[in-house]
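Q: my questions are about this predicted structure, shown below with the sequence.
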Amino acid sequence: MSWAFCLALAVIEAWTGQQYFEPDSIAYLDMSDGLLRNDWHSLINLHWSPLYPFLIGVVARIAHPSARWELPLVHLLNLAIFIGALAAFEFMMRQVIAILAPEGSGPQSELPILQRAYVWELLGYSVFAWATFFLAGSVRKAMPDLCVAGFVYLDAGILLRIFSRQRTAIWFVCLGVALGLGYYAKTVLFPIGLLFMVIAVCAAGSLRKAFFPALAMVLVFLAITAPLVTAVSKSAGHLMIGEAGRMEYAWIVYGQPSEFYLSPILDYHYRRDPPNVVHPEIAFYGPQKPVLRILHHSPDVLQFSPQLNATYPPWSNPASFASGLQATFNFADQIRTIGLSLKRCAALLLLPIPLTLAAYFVLFFGSAPNPGRWRSILRVWPLFIVGIGPLVLYSLVLVVPRYIAAFVVLVWIGLLCGVQHRRSKSNPRITNIATVVFIFSLAAMAVGTAAYHVVRPPKPLQGSICQSSSVASELSKDGVRPGDVIAVVGDGLSSMGFARFARLRIDVAIPHNDASKFWQISDPRERGKVYEALREGGARIVVSDVVPAGKGFPEWRRVDDTEFYVHTLE
């Protein structure tokens, strides 16, 4: 029943969000195109991890979807990945139940309600559904969060199996394999994998007996991760596991978090240098490869390297524009960031409605004497460590619900272990009511999220697929064809949707902070010089989502009832 419930919600979320995308989604789609061209090197990106675009590329190579069906196909893939994550969670829950209710404890019908396996499944799946659909919204987002969650649950399940009774070398090797593959889903799972391996050795009990199994685990982990580490390090020119952590650390801790996702990356690298951030002063060229050049000054017209071959290079290949970006440690800024992150972590852990929290406290404080409840939690201490550890790691930089949802699940499952006891002196009726309230309140939030998206389907941040189709159709009337270059004025992220739909490349741009300078030009001859610079960059059309009213721009026309305006340069 739990599987059917979660699958039904997943199908609803995938269906209602079939056209939902974000800038990250476009970046992964750009990477997946490499498989269609037999260009495997396109999967090596210093910022984005390769597993999710690889899966998209495999599915696209089989189905050959049109532009309109590309996103629905990705959401169908998400549904398949969700089933895998659900199976991994089931595996983990079985290990938890095996630890709390070992064989020989008696028939299920004779056990207190909180010791029965089916009740524990309902408790666990209610937390899973709440975190997946309400907290993270993973199914409707074309991003690798479900892959990450699946590996986290699988890793936790294997870890608990090692902790409970299966301390043979095979399970250590399985953990090494799962942790190594997880790194391909997201870079942060590499350091988190190290934490899992340390806890696995500690959970084994005897270091002497666990030495060779642990050694095998580490060697397997290194063997699986070595190809990607080698490829990434070769691309960067030095040993590394990925750039995402370092870049976000510089942007978030020392930058302007409230504007990070609202402005192009270029603004941070070349316009609004965050305090304590240093980048190469090489005329807007990277230290290894030229990534852009300036075609016009004030307003700046930037041309991105055609070799980057992406919808919007600053977002699809952010590390190419951040070569040399470094952040010097500042204690005050770090403490400020940690404080904000801890508040977010606490809010997410306590995000269930008050009724859910009240039900948990009734179960926790009313089910057994004080030593018993804490002893039950400590019986799954590895689950707590691998749940809280990543939360601490994310707290150093940035806490986002979809980043930490799987780890919040681990913490909540650990907390629920505190309500399971051999002997219970509480009123059975109160226990039963509190259990039902806890399960149904979390399930209600998951169902409510899905129902809300049925009534009001989530809209993409860059407009609907109909809007993208309208803009693409308008551009085709002007002779723009797939593979052509267009220019944008302002935020290039807002144009990624229709550009991907029409298979265009935004290789020329007037950056966000220089857009106002362009719109303030009243002399047509001066504007003509800017247009000439855009043409020099290879653009045939320039697009903007904002054209000041009453400022005298007759050459710009609006695309139907969309928010976009276009001007033909040829």
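A: Arrived safely, thanks for sending.

Q: quick one: find the helix or strand in this protein with the lowest mean pLDDT.
A: helix 257-260 (a mean of 34; mean pLDDT, DSSP states H and E).

Q: next structured bit after the longest helix along the chain?
A: In the chain, assigned by DSSP state H, the helix with the most residues is helix 67-100. Remark: after helix 67-100, the chain's next helix or strand is helix 117-129, criterion DSSP states H and E.

Q: which residue would you name as the spatial centre of this protein?
A: D145 (4.8 Å; CA atoms, centre = their mean).

Q: model confidence for the nearest residue in space to P144 that is not next to it in sequence, exactly?
A: The shortest distance from P144 to any residue other than its chain neighbours is 3.6 Å, reached at Y52 (CB to CB, 6 or more residues apart in numbering). C-beta: built from backbone N, CA, C; applies to glycine. Per-residue pLDDT puts Y52 at 95.

Q: cool, the one 5 residues further on as well?
A: Per-residue confidence (pLDDT) for G57: 93.

Q: over to E103?
A: 51.

Q: residues in contact with V218?
A: The contact partners of V218, by CB atoms under 8 Å, 6 or more residues apart in numbering, come to G176, M197.

Q: check F498 too.
A: For F498, counting by CB under 8 Å, 6+ apart, the contacting residues are Q462, G463, Q467, S468, S469, V471, A472, L475, L504, F564.

Q: which one of these sits closest to M496?
A: Ranked by distance to M496 (CB to CB), those are led by Q462 at 5.8 Å.

Q: which stretches of the stretch 151-300 of the chain form helices?
A: 169-185, 189-203, 207-236, 244-248, 254, 257-260, 265-266 (DSSP state H, counting those that start in this stretch).

Q: among those, which is the most enclosed?
A: Most buried of the helices of the stretch 151-300 of the chain by mean neighbour count (mean count of other CB atoms under 10 Å) is helix 265-266; its value is a mean of 25.

Q: mean confidence score for that helix?
A: 46.

Q: follow-up on the earlier one: how about the contacts of F498 in a markdown table, adding distance to M93, pLDDT and neighbour count?
A: Formatted as a markdown table, the contacts of F498 follow (distance: CB to CB, whole Å; pLDDT from 0 to 100; neighbours: other CB atoms under 10 Å):
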| residue | distance to M93 | pLDDT | neighbour count |
| --- | --- | --- | --- |
| Q462 | 38 | 44 | 24 |
| G463 | 40 | 49 | 22 |
| Q467 | 42 | 72 | 21 |
| S468 | 41 | 74 | 27 |
| S469 | 43 | 75 | 16 |
| V471 | 47 | 81 | 25 |
| A472 | 46 | 79 | 21 |
| L475 | 51 | 80 | 24 |
| L504 | 47 | 90 | 26 |
| F564 | 48 | 86 | 24 |
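
Q: so which of those residues belong to strands?
A: Judged by DSSP state E, strands contain none of the contacts of F498.

Q: which parts of stretch 441-456 are buried?
A: Neighbour-count burial for stretch 441-456, counted by 16 or more other CB atoms under 10 Å, picks out S441, L442, A443, A444, M445, A446, V447, T449, A450, H453.

Q: OK, contacts around S42?
A: S42 touches D30, M31, D33, G34, L35, N309, counting by CB under 8 Å, 6+ apart.

Q: grab the nearest non-local neighbour of the third one.
A: If I follow you right, that is D33. Distance criterion CB to CB, 6+ apart; nearest residue to D33, sequence neighbours excluded, is S42 at 6.9 Å.

Q: mind checking what secondary structure the one you found has?
A: Assigned with DSSP: H, G, I helix; E, B strand; the rest coil, S42 falls in the helix class.

Q: hmm, back to that, work out for me the element the residue nearest to P144 sits within.
A: Assigned by DSSP H and E, Y52 belongs to helix 51-63.

Q: which strands or helices does that helix pack on?
A: Contacts defined by 3 or more CB pairs under 8 Å, 6 or more residues apart in numbering; DSSP states H and E place helix 51-63 against helix 23-36, helix 67-100, helix 145-164, helix 169-185.

Q: now the shortest one: average pLDDT?
A: For helix 23-36, the mean pLDDT works out to 89.

Q: that helix - contacts with which helices or strands?
A: With contacts taken as 3+ CB pairs under 8 Å, 6+ apart, helix 23-36 sits against helix 51-63, helix 67-100, helix 313-316, helix 496-501.

Q: now tabulate these in a markdown table and tack on distance to W412.
A: Converted to a markdown table, the helices and strands packed on helix 23-36 look like this (distance: least, CB to CB, whole Å):
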| stretch | distance to W412 |
| --- | --- |
| helix 51-63 | 26 |
| helix 67-100 | 12 |
| helix 313-316 | 34 |
| helix 496-501 | 35 |
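
Q: right, and those helices - which one's nearest G242?
A: Nearest to G242 among those is helix 51-63; the distance by CB to CB comes to 12.7 Å.

Q: contacts for the closest one, please.
A: Outside helix 51-63, the residues that touch it by CB under 8 Å, 6+ apart are 28-36, 43, 69-70, 73-74, 76-77, 81, 143-144, 147, 181, 184-185.

Q: now the angle from that helix to helix 23-36?
A: 50 degrees (axes from the mean of the first three to the mean of the last three CA atoms, to 10 degrees).

Q: which residues does T356 contact?
A: V437, F438, S441, L442.

Q: please repeat the previous calculation with a cut-off of 7 Å.
A: Contacts for T356 (CB atoms under 7 Å, 6 or more residues apart in numbering) come out as F438, S441, L442.

Q: how about G242?
A: L46, T187, V232.

Q: same question for I26.
A: So I26 contacts T311, M496, R500 (CB under 7 Å, 6+ apart).

Q: just give the closest residue to it, not the sequence neighbours.
A: Spatial nearest neighbour of I26, excluding adjacent residues (CB to CB, 6+ apart): M496 at 4.6 Å.

Q: so the one you found touches E22, yeah?
A: No - using CB atoms under 7 Å, M496 makes no contact with E22, being 9.1 Å away.

Q: those two - which one has more neighbours?
A: Neighbour count, other CB atoms under 10 Å: between M496 and E22, M496 has more, with 29 against 18.

Q: and that one, how close does it get to P65?
A: Noted for M496: a distance of 18 Å to P65, by CB to CB, to the nearest Å.
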